[in-house]
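Novice: Okay, predicted coordinates and the sequence, questions at the end:
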Amino acid sequence: MMGTSFKALRLHKTDAGAPDARFEDLTIDDLMDGDVTVRVEHSTVNFKDGLAITGRSPVVRTWPLIPGIDFAGVVESSDHAGFRPGDRVVLNGWGVGETHHGGYAGVARVKGDWLVKLPDAISNAHAMAIGTAGYTSMLCVLGLERLGVTPDKGEVIVTGAAGGVGSVAVAILAKLGYRVVASSRRKESESAYLAGLGAAEVIDAAELAAPGRPLARERWAGAVDAVGSHTLANVLAQTRYGGVVTACGLAQGMDLPASVAPFILRGVTLAGIDSVMRPKPDREQAWARLATDLDLGRLDAMTTHAALADVPRLAGEIVEGKVRGRVVIDL
């Protein structure tokens with residue numbers, strides 16, 4: 001059973017802008033309302049976590065707050081009909097780490113409706129090697145499939161490929177038989193890494209990062225974009241007739257300096273992928289597919305482990321684009 005106190009990283013609002021991140025000893029009484037209490041074993045560091053902790057974006061809206069938008073662990077107590085003590089569970093999104101205490105703590109208390117039971121094939125540590133980034137990648141792949149992008153249709157590009165979303169997307173798509181082209185701003189240093197995940201080709205992200213033409217030479221049957229801005233606009237301009245682009249991130253920017261040309265002249269579909277408020281059936285489908293369609297060996301190859309004490313440093317590094325793949329935080 002969990003003890004009377006546990007270690008947590010908690011953010012406090014300051015007048016200077018960047019939150020004051022403090023490591024504190026908390027008790028159950030410090031947590032917010034919820035009908036399931038979970039002993040947190042692992043969390044991770046996502047781009048949004050980096051924005052929250054560094055204050056680069058107003059992610060946190062309740063103060064003080066334990067950040068961490070996802071976690072995996074074991075149910076300790078439950079008043080929810082769907083869960084009982086001993087269940088292994090994962091949480092992604094639902095405002096956790098934004099308005100509700102998150103995963104950078106030894107214990108979490110949340111609504112059971114936010115939790116998903118983990119498939120037997122995915123350990124708690126692997127669940128956070130996947131994390132919100134990998135779960136979002138799977139949602140993107142499901143979006144491509146749903147809209148008819150199959151491996152025989154042609155190449156699929158993954159932007160921001162060395163990041164968390166991109167790394168997992170490359171690995172999943174490669175295992176499913178797609179010819180994956182990985183775009184990275186660290187092409188020289190990351191090509192071997194991305195090839196190891198299954199990328200057939202690596203291109204320099206600079207090719208897509210500058211303003212481009214409304215329409216360019218057709219190349220991509222599909223795309224997974226975690227970058228936004230000019231990169232997304234150029235990917236759209238290069239997408240083949242009837243192709244599909246799934247968009248889930250804004251690492252380059254929130255703007256979309258594009259034209260309607262790809263949509264009305266080539267029938268391109270831009271599919272937005274939200275992972276935060278996704279309905280539970282979609283979440284369960286994504287985690288079930290991750291259990292079968294993600295090579296855990298390749299997942300291990302893109303994963304490093306760190307401690308809770310490392311989170312503030314990693315938060316700064318991830319927003320600067322200096323974190324490769326996935327980082328598991330061992331609680």
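Specialist: Perfect, thanks for sending it. Numbers count the residues shown, from 1 in each chain.

Novice: Spell out which residues make up each domain of this protein.
Specialist: With domains defined by automatic domain parsing, the chain comprises 6-117+295-330, 132-272.

Novice: And the last one, how far out from the chain middle?
Specialist: Which is domain 132-272. Mean-position distance between domain 132-272 and its chain equals 15 Å (CA atoms, centre = their mean, to the nearest Å).

Novice: Please apply the same query to the first one.
Specialist: The offset between the C-alpha centroid of domain 6-117+295-330 and the centroid of the whole chain comes to 13 Å, using CA atoms, centre = their mean.

Novice: what mean pLDDT would you report for it?
Specialist: Averaged over domain 6-117+295-330, pLDDT sits at 96.

Novice: What sits closest to Val141 if chain neighbours are left out?
Specialist: Ile172 (5.3 Å; CB to CB, 6 or more residues apart in numbering). Yep, even glycine has a C-beta here, placed from its N, CA and C like the rest.

Novice: oh, I was asking about His80
Specialist: In space, His80 is closest to Gly112, 2.9 Å off (CB to CB, 6+ apart).

Novice: coming back round to it: which SSE is the residue nearest to Val141 in?
Specialist: Ile172 is part of helix 164-175, with elements assigned from DSSP states H and E.

Novice: who touches that helix?
Specialist: The contact list for helix 164-175 (CB atoms under 8 Å, 6 or more residues apart in numbering) reads 44, 46-47, 130-131, 133-134, 136-138, 140-141, 156, 158-161, 180, 182, 184, 194, 197-200, 224, 226, 248-249, 290, 293-295, 298-299, 302, 323-326.

Novice: Among these, name the buried ones.
Specialist: Among these, the ones that count as buried by 16 or more other CB atoms under 10 Å are 44, 46-47, 130-131, 133-134, 136-138, 140-141, 156, 158-161, 180, 182, 184, 194, 197-199, 224, 226, 248-249, 290, 293-294, 298-299, 302, 323-326.

Novice: Tell me which of those residues fall in strands.
Specialist: Counting by DSSP state E, the part of the buried ones among the contacts of helix 164-175 found in strands is Thr44, Val156, Val158, Val180, Ala182, Ser184, Val224, Arg326.

Novice: Please name the residues that touch the second one.
Specialist: Read it as Val156. Going by CB under 8 Å, 6+ apart, Val156 touches Leu144, Val149, Leu173, Tyr178, Arg179, Val180, Val181, Trp220, Ala221, Gly222, Ala223, Val224.

Novice: bridging residues for it?
Specialist: In this entry, Val156 is beta-bridged to Val180, Gly222, by DSSP bridges.

Novice: While we're on it, how confident is the model there?
Specialist: Among the per-residue scores, Val156 shows a pLDDT of 98.

Novice: next one: the fifth one
Specialist: Each residue has a pLDDT score; the one for Ala182 is 98.

Novice: Please tell me how far it sits from Asn124.
Specialist: Here Ala182 is placed at a distance of 28 Å from Asn124 (CB to CB, to the nearest Å).

Novice: Equivalent analysis for Thr304, please.
Specialist: 17 Å.

Novice: More neighbours: the two, which one.
Specialist: Shown here are Thr304 and Asn124; by other CB atoms under 10 Å, Asn124 has more neighbours (20 against 14).

Novice: which residues touch the residue most central in space within the chain?
Specialist: By CA atoms, centre = their mean, the chain has its centre lying nearest to Ala133, at 1.5 Å. Going by CB under 8 Å, 6+ apart, Ala133 touches Thr44, Asn46, Phe47, Gly163, Gly164, Val165, Ser167, Val168, Arg326.

Novice: at 10 Å instead, please
Specialist: 44-48, 70, 92, 163-169, 226, 248-249, 275, 325-327 (CB atoms under 10 Å, 6 or more residues apart in numbering).

Novice: Look at the closest residue to Asp293 other than its chain neighbours and report its pLDDT.
Specialist: Distances taken as CB to CB, 6+ apart place Ile172 nearest to Asp293, at 5.5 Å, with adjacent residues excluded. For Ile172, the pLDDT comes out at 97.

Novice: repeat for the one 4 residues further on
Specialist: As predicted, Leu176 sits at a pLDDT of 98.
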